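**Student:** Please work out how this folds:
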Amino acid sequence: MLRTWLICVLALGGLFGGLLSSASSAFAVTVTVSIPPLAGMVAPLLGKDDQLNVLLKPGVSPHGFQLRPSHLRTLQNSDLVLFVGGGVDAWIEKPVESMTKPHVKMMALPDLTRLSVREGGLWTKNADRDTHGDGHSHDHDGYSETDNHIWLSLPNVILMVQAVSKQLQSLLPEQAHVIQRREQRWLSTLRATDQQLMQLLAPVKGQPFLVLHDAFQYFEDHYQLKGVGTIRLNPELPPSLKRIHQLREQIKAGKVRCVFKEPQFSEKRLQAVISGLPIRVGSLDPMGQFVLQRTPQPITDYVLYDAFLKQMANAFVECLAERKGK
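**Tutor:** Residues are numbered from 1 along each chain as shown. Here you go, the predicted model:
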């Protein structure tokens with residue numbers, strides 16, 4: 001009799017546990033993003049039962065990246081897919097659309113600030129930028145001539161967070177009010193961070209610098225920093241001898257205070273430009289890997305977007321600020 005009672009209890013317990021598990025999964029979503037900064041941007045919108053996947057792992061360049069069968073399985077099992085669109089993560093676009101998965105293509109969102117691609121080498125002020133007075137590019141329909149590093153604009157990120165929040169509320173209508181509260185808290189944090197960084201970066205606005213490739217234009221534009229050129233137009237290709245000569249002449253003339261490398265790319269070609277010259281070298285990373293390198297035991301493939309912004313701002317200040325005795 002006792003044995004029969006125990007068997008019934010265990011069976012009912014297993015059934016009840018299964019029902020709880022099913023109920024829990026019914027109120028959770030699996031979100032997959034193409035690159036780490038998108039994960040850091042949307043993670044605060046998600047609950048503890050939700051799953052967040054990042055396809056591009058830290059330290060891997062998005063240029064030339066190819067999806068593997070395991071990536072395709074991850075996409076197939078996702079409730080929502082987020083990607084930038086354009087050259088940064090073009091490798092995800094067709095697979096996602098062929099699966100007819102709910103997704104958000106960030107470049108297609110309305111009202112984003114869009115800046116035109118600048119030519120490699122040295123830039124003249126505003127010569128390579130085709131914008132309206134409100135900072136929006138004329139190239140709204142085709143993105144081939146648009147700089148697609150749009151996640152480095154905090155105003156753009158606010159619009160992206162709002163768009164993703166709406167998608168999550170549609171997927172989880174029972175949790176809509178909870179997601180809305182998360183959204184408001186997160187946007188409040190981002191706006192406060194923005195004000196902090198405005199003050200932090202104000203003293204270095206006028207200091208000229210070079211970047212390895214033109215990934216940081218949106219950050220420069222928002223915080224009014226003075227980028228004067230790029231070593232490479234394509235981060236995978238070496239600069240021409242002519243460009244190396246032009247850049248070295250600028251550095252010799254004292255018109256560049258700092259040059260920024262990126263952790264995903266070899267420093268050999270950077271050294272061809274700066275070898276033997278009095279120039280500071282900093283490190284910037286549009287994917288957030290540099291932040292993870294400074295974390296003792298990273299447990300995720302991304303950092304939250306506010307930490308990502310703060311690290312980038314600190315990198316600019318460290319390399320561009322006036323130093324005592326100099």
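
**Student:** Could you use CA atoms for every contact and neighbour count after this?
**Tutor:** OK.

**Student:** how about the helices of the protein, start to end?
**Tutor:** Using DSSP state H, the helices of the chain run over 2-26, 36-42, 69-76, 90-99, 154-171, 176-201, 217-223, 241-252, 268-274, 289-293, 305-320.

**Student:** packing partners for the fifth one?
**Tutor:** Of the remaining helices and strands, those touching helix 154-171 by 3 or more Cα pairs under 8 Å, 6 or more residues apart in numbering; DSSP states H and E are helix 36-42, helix 176-201.

**Student:** okay, those, which one's buried deepest?
**Tutor:** helix 36-42 (a mean of 23; mean count of other Cα atoms under 10 Å).

**Student:** Which strands or helices does that helix pack on?
**Tutor:** strand 51-54, helix 154-171, helix 305-320.

**Student:** what distance separates it from the centre of its chain?
**Tutor:** The chain centre lies 6 Å from the centre of helix 36-42; the measure is Cα atoms, centre = their mean, to the nearest Å.

**Student:** As JSON lines, the helices and strands packed on helix 36-42 with mean neighbour count and mean pLDDT would be great.
**Tutor:** Shown next, in JSON lines, are these (neighbours: other Cα atoms under 10 Å; pLDDT from 0 to 100):
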{"stretch": "strand 51-54", "mean neighbour count": "20", "mean pLDDT": "96"}
{"stretch": "helix 154-171", "mean neighbour count": "19", "mean pLDDT": "98"}
{"stretch": "helix 305-320", "mean neighbour count": "20", "mean pLDDT": "95"}
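
**Student:** Dump those to JSON lines, plus distance to R191.
**Tutor:** Below are these laid out as JSON lines (distance: least, Cα to Cα, whole Å):
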{"stretch": "strand 51-54", "distance to R191": "24"}
{"stretch": "helix 154-171", "distance to R191": "8"}
{"stretch": "helix 305-320", "distance to R191": "9"}
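
**Student:** sorry, back to before: go through the helices and strands packed on helix 154-171 and name the closest to S70.
**Tutor:** Closest to S70 of these is helix 36-42 (Cα to Cα; 17.6 Å).

**Student:** what's in contact with the closest one?
**Tutor:** 33, 52-54, 56-58, 82-83, 151, 157, 161, 164, 286-288, 301-305, 308 (Cα atoms under 8 Å, 6 or more residues apart in numbering).

**Student:** go on, stretch 44-58?
**Tutor:** 24-25, 28-36, 39, 43, 62, 71, 74, 165, 179, 182-183, 186, 287-289, 301-302.

**Student:** which of those residues are buried?
**Tutor:** Taking 16 or more other Cα atoms under 10 Å as the criterion, what is buried in the contacts of stretch 44-58 is 28-36, 39, 43, 62, 71, 74, 165, 179, 182-183, 186, 287-289, 301-302.

**Student:** Could you check how far the residue positioned nearest the centre of the chain is from P286?
**Tutor:** Nearest to the mean C-alpha position of the chain, by Cα atoms, centre = their mean, lies P37 at 3.0 Å. Applying Cα to Cα, to the nearest Å, the value for P37 to P286 is 8 Å.

**Student:** now the protein, which segments are flagged as low pLDDT?
**Tutor:** 1-27, 119-122, 124-144, 232-237, 289-300, 324-326 (pLDDT under 70).

**Student:** Swap in 50 and give it another go.
**Tutor:** 2-25, 126-144, 296-297, 326 (pLDDT under 50).

**Student:** Quick one: the helices of the chain as a markdown table, columns for distance to I231 too.
**Tutor:** Formatted as a markdown table, the helices of the chain follow (distance: least, Cα to Cα, whole Å):
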| stretch | distance to I231 |
| --- | --- |
| helix 2-26 | 49 |
| helix 36-42 | 24 |
| helix 69-76 | 33 |
| helix 90-99 | 24 |
| helix 154-171 | 25 |
| helix 176-201 | 23 |
| helix 217-223 | 14 |
| helix 241-252 | 7 |
| helix 268-274 | 7 |
| helix 289-293 | 20 |
| helix 305-320 | 17 |
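
**Student:** Which of those helices sits closest to T230?
**Tutor:** helix 241-252 (8.7 Å).

**Student:** helices or strands next to that closest one in the packing?
**Tutor:** Counting by 3+ Cα pairs under 8 Å, 6+ apart, helix 241-252 packs on strand 121-122, strand 226-232, helix 268-274.

**Student:** which of the ones you listed sits most buried?
**Tutor:** strand 226-232 (a mean of 23).

**Student:** Using CSV, write out every CA atom in that strand.
**Tutor:** In CSV, the C-alpha atoms belonging to strand 226-232 read as follows (Å, rounded to 0.1, in the frame of the first residue of the first chain):
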residue,chain,number,x,y,z
LYS,A,226,38.2,64.6,-34.3
GLY,A,227,39.0,61.6,-36.4
VAL,A,228,41.2,62.7,-39.3
GLY,A,229,41.7,59.5,-41.3
THR,A,230,42.0,55.7,-41.5
ILE,A,231,44.9,53.4,-42.2
ARG,A,232,42.8,51.0,-44.2
